[in-house]
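Undergrad: predicted model and sequence below, questions to follow.
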Amino acid sequence: EAQLVESGGGLVQAGGSLRLSCTASGFPINYFAVGWYRQAPGKEREGVACINRSTNSAYYADSVKGRFTISEGNDKNTMYLQMINLKPEDTAVYHCAASLDTYCSGDSYNTRLLDYEGRGTQVTVSS
């Protein structure tokens, strides 16, 4: 069974840091672009960051540039989202996802056409 499982969410004060992890199993994640999106109550889904393996390019939403870093583990089955200087507006459920490389470029991340996605981990930033 294909799965993506996130961990590492929690409650943190504004200005704090968290590192989210995502482990893939059951499908060849090496052939997909990988990324993170977030969903806050009453708000649109927002693609936060992704990595296109074919072009070795990364995308970051303007709202997180300079604060979030996406990376992969050496085994390529794990990916991370390092978040620093967190703000209350970063509060959301964060999901990891895999999709065709086409949907992740240096300029955009299409989170409506995902092949796999995890259930998410809650990140809450208090002011």
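TA: Received the coordinates, thanks. Here the structure is a predicted model, which means the values were calculated and not measured.

Undergrad: Three-state assignment for the spatially most central residue of the chain, please.
TA: In the chain, the residue lying closest to the centroid (C-alpha atoms, centre = their mean) is W36, at 1.7 Å. Look at W36: counting by DSSP: H, G, I helix; E, B strand; the rest coil, its state is strand.

Undergrad: who are the neighbours in contact with it?
TA: With contacts defined as C-beta atoms under 8 Å, 6 or more residues apart in numbering, W36 is in contact with 20, 22, 47-50, 70, 79, 81, 94-97. Just so you know, the C-beta spots here come from the backbone N, C-alpha and C atoms, and that holds for glycine as well.

Undergrad: look up how far S63 lies from it.
TA: Plainly put, W36 is 13 Å away from S63 if you go by C-beta to C-beta, to the nearest Å.

Undergrad: one more: C22?
TA: When C-beta to C-beta is applied, the distance between C22 and S63 equals 20 Å.

Undergrad: who's more crowded, the two?
TA: For C22 versus S63, the count of surrounding residues by other C-beta atoms under 10 Å is larger for C22: 28 against 13.
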